[in-house]
Each structure stands twice: as C-alpha cells, then as structure tokens.
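Novice: got a predicted structure here, sequence first:
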Amino acid sequence: ELWNGGITWDPPPVVVSNDLQRRSRDTLDCNALETLLWLALEEFCRATGFVLPEEVACLLPPEMDYLDIQIPVDCHPKVLSLSSEYPKLRRQRRLSYLAPALIENVETPMKGMRQVWLNTPSTAGRLLGALERYDYLNNKL
C-alpha cells in the first residue's frame with residue numbers, strides 16, 4: 001500500500017521526445033550502478049567544468065582512482081579518502097542522495113525532485129534514477 005501512490009515510490013523515468021529512457025533493473029546491482037554513475041559524473045564534470053564538492057569526491061571508490069575527477073582546490077588530499085573500513089553500501093547510499101542533489105535545479109527532468117529522492121526506498125532505485133538523469137544531461141552536452 002505504501003508503494004507507488006502511497007508514501008514510497010521510485011523516481012520517474014526520463015522521457016526524451018516521447019521516448020521512455022529506462023534502464024533494466026534486472027541487470028544492474030548497486031555495485032554496477034555505482035560504477036556507471038561515477039563514469040557519468042566524470043563525463044558531466046569534464047564537459048561542464050564542474051568540480052565535485054569534497055562531500056561527494058570523498059565517496060569515489062578506491063578501485064576507481066583512474067577517473068579524472070577534479071578535486072576542490074582548497075581540499076586536503078586526506079579528506080578525499082574514506083577509511084578502508086567504511087562500508088561500501090553506506091558509501092553507495094550517500095552517493096545515491098548526493099549525486100541527484102548536484103543537478104536538482106539544472107533542468108526540467110530534475111527540478112522539484114528532492115522529495116522523490118527522499119521517498120525512494122532503495123539505494124539501487126536512487127542510483128538508477130540519478131544515472132538516468134546524468135546520462136540525459138551528458139547526451140545533451
């Protein structure tokens with residue numbers, strides 16, 4: 001009863017010229033979604049010159065240190081790395097809330113979505129919704 005039409009729901013898919021842009025949820029787990037989202041974030045930052053805030057940059061997984069993501073100039077390198085003991089799922093959960101917040105006022109598919117992100121019950125749902133929106137923006141750039 002709480003799902004879709006109640007208290008919780010997934011972010012709506014991005015619609016581009018009457019074409020529904022939705023990835024299949026069956027093939028993507030949180031690890032794959034996180035990797036794809038970081039790749040999309042890197043592309044977005046490179047195309048726009050956007051520098052990720054340290055609260056987001058510190059969530060970069062250690063195994064993805066090959067990405068060319070600029071760090072804030074006034075940030076100490078130690079701040080940008082989480083402990084190896086920091087749980088992966090917690091890192092993914094934080095990213096699933098922060099990534100959409102970075103673009104929430106950019107344009108129509110993202111505007112006014114804060115409550116939707118807060119009501120989305122799963123980390124995978126939030127990561128998937130954010131990935132779709134970054135893909136949409138990256139394709140427009």
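Specialist: Arrived safely, thanks for sending.
Novice: the residue nearest the centre of the chain and residue 84, how far apart?
Specialist: Closest residue to the average C-alpha location of the chain: residue 99 at 3.7 Å, with Cα atoms, centre = their mean. Note on residue 99: its distance to residue 84, by Cβ to Cβ, to the nearest Å, is 22 Å. In short, each C-beta sits where N, CA and C put it, glycine included.
Novice: what about the residue nearest to the centre of the chain, helix or strand, and which?
Specialist: helix 88-102 (DSSP states H and E).
Novice: ok, then the element right after that helix?
Specialist: Counting by DSSP H and E, what follows helix 88-102 is helix 114-119.
Novice: then that next one to CSV, C-alphas only?
Specialist: The C-alpha trace of helix 114-119 is given here as CSV (Å, rounded to 0.1, in the frame of the first residue of the first chain):
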residue,chain,number,x,y,z
ARG,A,114,14.0,16.3,-3.8
GLN,A,115,11.0,14.6,-2.2
VAL,A,116,11.0,11.8,-4.7
TRP,A,117,14.7,11.0,-3.9
LEU,A,118,13.8,11.0,-0.2
ASN,A,119,10.8,8.8,-0.7
